[in-house]
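1. requesting a structural model of the entry that follows:
(4 chains)
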2 protein chains.
Amino acid sequence: MSHGPDIARIGALIGDPARAAMLTALMSGKALTASELARVAGIGAPTVSAHLVKLAEGGLIAAEKQGRHRYVRLAGAEVAEALEALLGLAQSRGHLPFRPGPDDQAMRRARVCYDHLAGELGIALYRALHAGGALALAPDGVALTDRGHGLLDGLGLDMPALMRARRPACRTCLDWSERTHHLAGGAGAALLTRFRELGWLRPRQTSRALRVTLEGERELPRLFERLGQAGQGPPGP
Amino acid sequence: MSHGPDIARIGALIGDPARAAMLTALMSGKALTASELARVAGIGAPTVSAHLVKLAEGGLIAAEKQGRHRYVRLAGAEVAEALEALLGLAQSRGHLPFRPGPDDQAMRRARVCYDHLAGELGIALYRALHAGGALALAPDGVALTDRGHGLLDGLGLDMPALMRARRPACRTCLDWSERTHHLAGGAGAALLTRFRELGWLRPRQTSRALRVTLEGERELPRLFERLGQAGQGPPGP
DNA sequence: GCAATGTTTCGCCCGGGAACGAAGTATGGA
DNA sequence: TCCATACTTCGTTCCCGGGCGAAACATTGC
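-> You can find the predicted model right below:
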């Protein structure tokens, strides 16, 4: 009898189409209400309620009552990472949605992955940071170099808060559409927030895909180039 | 309606206890026969046959007839990585096996993760390589430095073959028991093979856990120290 | 050839669980 | 206070899918 964690319970939770749709919707990072999830999953309110109980028992979601609404979000970045890994596997195995619609292209361009940026833009950001010498390998993953610290500070991120947080500043996450890594962790989240503050990216109502504004189209490539060129100088520590 | 890959199909495949047991057993990297899988999963031969059809249709396993046996293995490193991610999530969510037996401790010490080393020893290997400056951040993950190339060559790995292969030499994989990264990819696989050739690690019949031989107990820590100290010199490129 | 072993196909049973309608409970607003 | 909204609980239905036994099929060895 083989040992190890009980993978089947989690698989079964994700394996139901309605629950999978709900979890995928929650990958937007937004906290959704039970009735919004019902609409997303195409099922009735009682059924959603039952599903939420199971997902909560399984530790995949966290719910919070607020007035007469019940706001639901993913239980944490860990859950999001595992879901993203599964999305990647599904993608590579050809388990695609009914038909790749126009939304699909928007998803590949830029989307929210729990709380950070994914898709082509997410990859470009990661590559630029890497090229600029902002990232270094740490014994437990990726870490910010001094130069990276300076670059992000220059972008207006609240670096003291980032370093104070319990959450690791840098993580990597396997991007399902690009099949390579993008930046997650506290810094990844802060960067996405900043891009929204700057009006470069806007969330959509219906999907995880992000809309790139005109300013974003102009400024983001410029930023990536600037970050990447920071690496032309002498290498950091 | 949210878009993206169809995560539910894969979840459902993994969500059945029998199939989950089979997949977990296949994480040993060994190709198992249908009847061996039946014993592992505790079900009859006809049921296994049906499961194998589904897993193959889902792209999770690859089967190969050889005489009157049917050898089954995971469809690739991608599948193994996603399963390991799920194992990690299950672990962190407290979805543990019935009781943490003695096997459990062996699993945490050293085990096979598809074709490379995982567990405490896997982490120690990764840390040593990192400390020794053998690994560097690449735009698409982790890469071997020149020094790393030399170190592995010194260990007797067939480096030309490794570089020639289509498969990336370095990947990282999230270790479920240690909650941090270990080395996967071609180099990870080659290192495990080498440790077995050297008689430091031996596979077990029943589980993914590896037995550390007396030589292994003596030589592996020594090796890790040697690798780590390589980094004391001037930093590589 | 025949027996032994390994795997698949077929037919059947059965349980779990997903879904809904209706009724019950909480919250907010008029 | 009374209604509307949001969610949950209960009871019921129904179907999907896992499981097995028996038999068919395939391969090896004697």
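2. isn't residue A:130 right up against residue B:139?
-> Yes. Counting by CB atoms under 8 Å, residue A:130 touches residue B:139, with 5.5 Å between them. For every residue, glycine as well, the C-beta is placed using N, CA and C.
3. more neighbours: which of these two?
-> Each of residue A:130 and residue B:139 has its neighbours counted (other CB atoms under 10 Å in any protein chain shown); residue A:130 has more, 22 against 13.
4. and the gap between that one and residue B:138?
-> Using CB to CB, to the nearest Å, we find residue A:130 at a distance of 8 Å from residue B:138.
5. before we move on, what about residue A:45?
-> Applying CB to CB to residue A:45 and residue B:138 gives a distance of 49 Å.
6. of these two, which one has the most company?
-> Taking neighbours as other CB under 10 Å, residue A:45 and residue B:138 compare with residue B:138 leading, 15 against 11.
7. near DNA strand C, which residues of chain A?
-> For chain A, the residues in contact with DNA strand C (CB under 7 Å from any atom of the strand) are A:12, A:16-18, A:43-44, A:46-47, A:50-51, A:54, A:65, A:67-68.
8. can I assume residue A:9 sits in a helix?
-> Yes. Under DSSP: H, G, I helix; E, B strand; the rest coil, residue A:9 falls within a helix.
9. and for it, the neighbour number?
-> By other CB under 10 Å, the residues close to residue A:9 number 19.
10. what does residue A:179 give?
-> Residues within reach of residue A:179, counting by other CB under 10 Å, total 13.
11. can you tell me the element the residue nearest to it when sequence neighbours are not counted falls in?
-> If the residues on either side of it in the chain are set aside, residue A:179 comes closest to residue A:88, at 7.0 Å by CB to CB, 6 or more residues apart in numbering or on different chains. In the assignment (DSSP states H and E), residue A:88 maps to helix A:77-92.
12. what lies in contact with the following helix or strand past that helix?
-> In the C-terminal direction, the helix or strand that comes right after helix A:77-92 (DSSP H and E) is helix A:102-109. By CB atoms under 8 Å, 6 or more residues apart in numbering or on different chains, the residues outside helix A:102-109 that reach it are A:97, A:119-121, A:177-178, A:204, A:206-212, B:3-4.
13. so which bits of helix A:102-109 are buried?
-> A:103, A:104, A:106, A:107, A:108, A:109 (16 or more other CB atoms under 10 Å in any protein chain shown).
14. export those to a markdown table and tack on distance to DNA strand D and pLDDT?
-> Formatted as a markdown table, the buried residues of helix A:102-109 follow (distance: CB to the nearest atom of the strand, whole Å; pLDDT from 0 to 100):
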| residue | distance to DNA strand D | pLDDT |
| --- | --- | --- |
| A:103 | 25 | 76 |
| A:104 | 25 | 84 |
| A:106 | 27 | 92 |
| A:107 | 26 | 93 |
| A:108 | 29 | 93 |
| A:109 | 31 | 95 |
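15. hang on, the earlier thing: report pLDDT for the residue nearest to residue A:179.
-> Residue A:88 is assigned 94 on the pLDDT scale.
16. now do the SS call for residue A:50.
-> Following three-state DSSP, residue A:50 is assigned to helix.
17. what does chain A put close to DNA strand D?
-> Near DNA strand D, when you scan chain A using CB under 7 Å from any atom of the strand, you find A:33-35, A:45-46, A:48-50, A:52-53, A:63, A:68-70.
18. which one (most neighbours) among those residues?
-> residue A:48 (24 neighbours).
19. how about it, nearest residue that isn't a chain neighbour?
-> Residue nearest to residue A:48 in three dimensions, not counting chain neighbours: residue A:38, with 4.5 Å by CB to CB, 6+ apart.
20. quick check: the one you found vs chain B, distance?
-> As judged by CB to the nearest CB, to the nearest Å, residue A:38 and chain B stand 13 Å apart.
21. contacts only, for that residue.
-> Applying CB under 8 Å, 6+ apart to residue A:38 gives the contacts A:44, A:45, A:47, A:48.
22. per-residue pLDDT, the residue lying closest to the first one once chain neighbours are set aside?
-> This means residue A:44. Distances taken as CB to CB, 6+ apart put residue A:38 closest to residue A:44, at 6.4 Å, once the chain neighbours are dropped. Note for residue A:38: predicted pLDDT of 97.
23. chain center to the host helix or strand of residue A:38: distance?
-> Take DSSP H and E as the rule and residue A:38 turns out to sit in helix A:34-41. In this view, helix A:34-41 has its centroid 21 Å away from the chain centroid, taken as CA atoms, centre = their mean, to the nearest Å.
24. can I have that helix written out in PDB, keeping just the CAs?
-> The C-alpha coordinates for helix A:34-41 follow below in PDB (Å, rounded to 0.1, in the frame of the first residue of the first chain):
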ATOM      1  CA  ALA A  34     -22.600  32.400  -3.500                       C
ATOM      2  CA  SER A  35     -25.100  33.600  -6.000                       C
ATOM      3  CA  GLU A  36     -22.400  34.900  -8.400                       C
ATOM      4  CA  LEU A  37     -20.800  31.500  -8.200                       C
ATOM      5  CA  ALA A  38     -24.100  29.900  -9.000                       C
ATOM      6  CA  ARG A  39     -24.300  32.000 -12.100                       C
ATOM      7  CA  VAL A  40     -20.800  31.100 -13.100                       C
ATOM      8  CA  ALA A  41     -21.300  27.400 -12.600                       C
END
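25. before we move on, the earlier item: with DNA strand D as the reference, measure out to the residue nearest to residue A:179.
-> Residue A:88 sits 23 Å away from DNA strand D, going by CB to the nearest atom of the strand, to the nearest Å.
26. these two touch, right, that residue and residue A:178?
-> No. Under the criterion of CB under 8 Å, residue A:88 is not in contact with residue A:178, lying 9.6 Å apart.
27. tell me the helix or strand right after the helix or strand bottoming out on mean pLDDT in chain A.
-> In chain A, no helix or strand scores lower on mean pLDDT, DSSP states H and E than helix A:102-109, which sits at a mean of 87. Next in sequence after helix A:102-109, counting helices and strands by DSSP H and E, comes strand A:111-113.
28. where's residue A:143, which helix or strand?
-> strand A:141-144.
29. adjacent strands (with direction) for that strand?
-> Sheet partners assigned to strand A:141-144 using DSSP bridges are listed as strand A:135-138 (antiparallel).
30. picking that back up, any idea how far the next helix-or-strand element following the strand holding residue A:143 is from the chain center?
-> Next along the chain after strand A:141-144, taking DSSP H and E as the criterion, comes helix A:146-154. When distances are taken as CA atoms, centre = their mean, helix A:146-154 is centred 22 Å away from the chain's centroid.
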